[in-house]
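J.: coordinates only, sequence not included:
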């Protein structure tokens with residue numbers, strides 16, 4: 001280490017406006033000063049003592065040849081005096097300092113004083129004395145060989161919780177048998193101990209039972225008792241330990257119940273999410289899943305938490321655990337929750353929570369059709385919700401239910417007609433119109449649909465009525481009372497009118513319009529095209545049902561009148577936007593169909609539409625079943641018929657190493673590498689990540705193994721001295737580009753001729769984008785008078801793929817994100833791949849993205865392909881991509897795929913990095 005890089009131990013800090021405190025002035029303040037002056041003097045004294053200890057810790061204590069400095073004899077005497085000081089703070093802080101001392105010659109004369117501190121009246125001194133004895137025993141066992149026995153005796157007589165915890169911790173690591181002896185003597189009193197000691201006891205029990213399974217029966221009751229601890233941390237650790245020690249249903253149930261209580265009682269949402277993850281891990285085991293199914297109602301208590309992420313995970317867990325035994329209770333709870341969301345004051349997450357509940361009830365009804373009759377009436381009320389997303393989910397559910405469950409059709413039609421007039425958004429109105437037109441099959445239902453349509457359209461002809469209102473010939477109040485708001489059909493097939501809106505008192509001109517007329521006046525004529533289709537369907541069906549020609553003609557004429565008046569309105573200047581040509585064509589087609597009433601058109605309108613919906617729902621159900629099957633195949637552990645059976649009682653101690661260590665797994669999870677699956681050959685996968693940094697002919701050869709954890713990167717750099725000289729102060733100097741930050745500077749080292757060494761460097765990662773690490777190695781040649789030598793390293797490129805994981809989302813969520821995300825990167829396809837499907841699979845593999853477009857939609861060959869891809873980074877950033885590619889057939893069968901890939905993301909870095917990755921990996925390389 002050069003002089004410039006030595007640790008600085010000189011403190012220069014003398015304020016210009018005050019004198020530095022001297023021993024004489026401090027003594028005078030303490031003996032004769034006022035109380036305030038004495039307090040200040042004590043503070044200064046302690047501050048000086050702290051600085052002195054820091055100074056002693058870092059100051060060189062040996063000569064260059066490794067011998068202890070003569071002055072250290074005096075320093076050692078100062079240590080001894082401090083260990084016998086009457087002030088407990090000075091004693092305790094000195095004992096803490098001794099934990100960091102690495103010179104046994106200095107520690108040896110202090111051992112009697114350290115032992116004496118174990119009997120000090122103050123717990124602060126005693127607990128630091130235990131730590132000092134532990135570190136000295138660990139580093140220099142010969143100085144205090146009887147430390148375990150000494151600490152065991154101390155532990156038996158000690159009353160303070162922190163002192164007992166430190167003493168017990170030392171015995172666990174220094175002499176586990178003595179720790180077990182102590183635990184055996186007080187195992188029935190464990191529940192009375194402090195939480196810090198209980199945590200250490202849980203750790204000991206786990207380690208002992210992991211190493212020696214025969215001890216499980218001895219300690220399992222103790223773990224059960226600790227589940228009732230008042231400390232959440234102890235309960236969490238005890239539950240985790242209990243699950244690893246026993247797979248009995250009672251143990252799993254007790255642990256799961258403990259987790260649920262923790263989630264409900266803890267206020268921190270991060271804690272709730274962590275514990276929920278543990279419950280989800282329990283569910284992954286098929287044997288544990290059956291136990292958790294009995295606790296579904298307890299799990300649903302977590303829904304009282306206002307956090308949306310917690311509720312989302314809870315509902316998903318409950319849905320995974322639901323069975324025919326508990327589905328009824330689950331539906332009752334969810335119905336109550338849905339009703340609650342309607343009563344609470346609007347919160348930003350209330351709408352999203354309502355959507356989650358609707359989707360969960362939808363899934364329950366699909367899996368358990370008997371529940372649909374209970375769910376539908378409650379959910380139908382939300383069709384009139386102002387939140388379009390929640391209403392759209394309800395509508396999708398209703399559409400699927402009315403198609404699948406024939407017995408529920410009358411109930412759904414009845415409820416739909418009840419809420420129809422209250423629907424506020426045009427998208428939901430269109431969907432409701434379609435459902436009514438498609439599934440109303442009785443004469444009464446068809447008449448009711450026509451009544452509701454007339455009610456929501458107001459008086460016709462619309463244009464004449466609106467002009468009269470504009471000129472003041474018809475007052476809004478009169479219009480409401482006179483308008484044929486309700487339409488009734490008599491036995492003769494003629495209509496009589498009855499007002500249903502006379503009680504309302506409109507305040508504005510816009511508000512007095514019926515809903516459908518309001519949509520049309522706003523220029524939304526897409527709903528008019530939907531209305532025309534609905535009227536055509538019900539009219540054709542009415543003609544089939546009713547044999548009376550007069551009634552048939554009357555009904556068809558009424559439907560055609562409505563379509564014509566809407567067309568007339570669209571062509572006039574009254575709406576905010578004129579009708580589009582597409583909508584004119586659609587309404588005109590419907591008029592022509594009704595005027596001709598041909599059997600072919602009847603078949604298309606009333607049979608083919610429903611057949612298409614049925615086919616779509618069947619395909620979707622098959623896809624869901626396929627994905628569930630894949631998930632279950634991943635989850636289930638397949639056991640071969642000839643696999644050996646392991647008996648725990650017959651397992652030797654040395655064979656227990658094969659079992660997973662919970663603490664190791666926790667550490668790996670914290671480092672972000674627990675879920676990362678290596679290749680079949682771990683060595684091969686490690687070699688793939690080695691980057692050569694210098695050439696073979698350079699005086700110093702270097703290569704780096706890049707290990708990517710969740711939020712940081714560890715560079716393990718191998719440095720080889722290829723010269724015959726000793727290289728001193730060999731330092732790895734690194735710098736970063738992008739959202740990367742070097743945590744600490746690697747320390748310099750000395751390399752003997754042809755020697756090698758490993759240098760580790762940590763780099764923190766802040767976001768998902770490509771980063772570059774670059775730098776050089778500098779060194780001095782021993783005995784040479786020249787300047788420092790430098791070897792420039794190759795750049796290390798950090799791959800974005802280490803942070804991107806495939807994810808799923810619904811089509812609606814994809815479209816919403818596509819509209820919201822402002823950064824777009826358009827990549828032109830430039831590849832040598834000739835098959836469309838092969839190119840798509842190549843892109844999916846290269847980018848870690850998931851294809852949201854169903855396989856059935858991508859099957860077959862038609863010369864072009866469009867697919868949506870989605871992924872999410874570990875930082876929670878979403879990445880969307882739309883692949884639009886074609887195969888130019890006119891250029892021959894060997895023509896390459898061409899087209900574009902559009903990437904959208906919230907951040908610029910994500911969009912650019914993903915585009916670069918696709919550009920680099922587009923072409924297929926022949927291995």
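T.: That came through fine. Just so it is clear, the structure is predicted and the values come from calculations on it, not from any experiment.
J.: confidence score at residue 504?
T.: Looking at residue 504, its pLDDT stands at 39.
J.: Then residue 721?
T.: Looking at residue 721 specifically, the model assigns a pLDDT of 91.
J.: State the distance from residue 550 to residue 537.
T.: For residue 550, the distance to residue 537 equals 21 Å [C-beta to C-beta, to the nearest Å]. The way it works is simple: take the backbone N, C-alpha and C, and place the C-beta from them, glycine included.
J.: higher neighbour count, those two?
T.: In this comparison of residue 550 against residue 537, neighbours counted by other C-beta atoms under 10 Å, the higher total goes to residue 537 at 26 against 11.
J.: Tell me where the stretch 751-900 of the chain has helices.
T.: Counting by DSSP state H, counting those that start in this stretch, the stretch 751-900 of the chain has these helices, from start to end: 811-820, 836-847, 855-858.
J.: same deal with the stretch 501-650 of the chain?
T.: In the stretch 501-650 of the chain, the segments counted as helices under DSSP H, counting those that start in this stretch are 515-521, 526-545, 549-571, 581-596, 599-603, 609-635.
J.: I'd say residue 751 and residue 730 touch.
T.: Yes. Using C-beta atoms under 8 Å, residue 751 and residue 730 qualify as a contacting pair, with a distance of 5.3 Å.
J.: what residues are shared contacts of the two?
T.: Shared contacts of residue 751 and residue 730 (C-beta atoms under 8 Å, 6 or more residues apart in numbering): 700, 719, 721, 757, 779.
J.: Selection in ChimeraX covering whichever of these are buried, please.
T.: A single ChimeraX command suffices to select whichever of the shared contacts of residue 751 and residue 730 are buried according to 16 or more other C-beta atoms under 10 Å:
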select :700,719,721,779
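J.: So which of the shared contacts of residue 751 and residue 730 are in strands?
T.: When DSSP state E is applied, those are split such that 700, 719, 721, 757, 779 fall in strands.
J.: Would you mind listing the two of those that lie farthest apart?
T.: When these are compared pair by pair using C-beta to C-beta, the farthest-apart members prove to be 757 and 779, with a separation of 11.7 Å.
J.: okay, and the common contacts of the two?
T.: What both residue 757 and residue 779 touch, as defined by C-beta under 8 Å, 6+ apart, is the set 730, 751.
J.: mind giving me the domain split of the chain?
T.: Annotated domains of the chain cover 26-59, 62-298, 322-420, 433-469+513-626, 686-798, 802-921 [the TED database].
J.: Show me the one of the ones you listed that comes nearest residue 308.
T.: In terms of C-beta to C-beta, the element of those nearest to residue 308 is domain 322-420, at 4.5 Å.
J.: end-to-end on that closest one?
T.: 33 Å (C-alpha to C-alpha, to the nearest Å).
J.: Of the shared contacts of residue 751 and residue 730, which is the nearest to residue 588?
T.: Top of the list for closeness to residue 588, among the shared contacts of residue 751 and residue 730 and by C-beta to C-beta, is residue 719 at 81.0 Å.
J.: Contacts only, for the closest one.
T.: Residues in contact with residue 719 (C-beta under 8 Å, 6+ apart) are 700, 701, 702, 730, 732, 751, 756, 757, 758, 759, 777.
J.: what's the answer for residue 774, then?
T.: Applying C-beta under 8 Å, 6+ apart to residue 774 gives the contacts 734, 735, 736, 737, 793, 795, 796.
J.: Those residues in strands, which ones?
T.: Here DSSP E is the test, and the contacts of residue 774 give 734, 735, 736, 737, 796 as lying in strands.
J.: could the helices of the stretch 751-900 of the chain be laid out in a markdown table, adding mean neighbour count?
T.: Output for those, formatted as a markdown table (neighbours: other C-beta atoms under 10 Å):
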| stretch | mean neighbour count |
| --- | --- |
| helix 811-820 | 13 |
| helix 836-847 | 18 |
| helix 855-858 | 12 |
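J.: mind showing which ranges of the stretch 701-850 of the chain have poor pLDDT?
T.: Residues of the stretch 701-850 of the chain meeting the criterion pLDDT under 70: 710-711, 767-769, 784-786.
J.: try it again with 50
T.: In the predicted model of the stretch 701-850 of the chain, no residue satisfies pLDDT under 50.
J.: and what of the stretch 501-650 of the chain?
T.: For the stretch 501-650 of the chain, applying pLDDT under 50 flags the ranges 501-511.
J.: Now with 70, please.
T.: Filtered on pLDDT under 70, the stretch 501-650 of the chain yields the residue ranges 501-512, 602-603, 627-643, 645-650.
J.: So for residue 257, which of the helices of the stretch 751-900 of the chain sits nearest?
T.: In terms of C-beta to C-beta, the element of those nearest to residue 257 is helix 811-820, at 34.5 Å.
J.: one step back: would you check which pair of the contacts of residue 774 lies furthest apart?
T.: In the contacts of residue 774, two members sit farther apart than any others by C-beta to C-beta. They are 737 and 793, at 13.7 Å.
J.: neighbour-wise, which of the two wins?
T.: Neighbour count, other C-beta under 10 Å: between residue 737 and residue 793, residue 793 has more, with 23 against 13.
J.: ok, for the more buried one, nearest residue in space, not its chain neighbours?
T.: Taking C-beta to C-beta, 6 or more residues apart in numbering as the measure, residue 793 lies nearest to residue 693, with 4.2 Å between them; neighbours along the chain are not counted.
J.: State the distance from that neighbour to residue 705.
T.: With distances defined as C-beta to C-beta, the gap from residue 693 to residue 705 amounts to 11 Å.
J.: So for these two, which sits in the more crowded spot?
T.: Between residue 693 and residue 705, counted using other C-beta under 10 Å, the more crowded position is residue 693 (27 against 17).
J.: hmm, back to that, any chance of the contacts of residue 719 in a markdown table, plus distance to residue 236?
T.: Supplementary listing: the contacts of residue 719 in a markdown table, determined by distance: C-beta to C-beta, whole Å:
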| residue | distance to residue 236 |
| --- | --- |
| 700 | 49 |
| 701 | 48 |
| 702 | 44 |
| 730 | 46 |
| 732 | 40 |
| 751 | 47 |
| 756 | 44 |
| 757 | 41 |
| 758 | 37 |
| 759 | 38 |
| 777 | 46 |
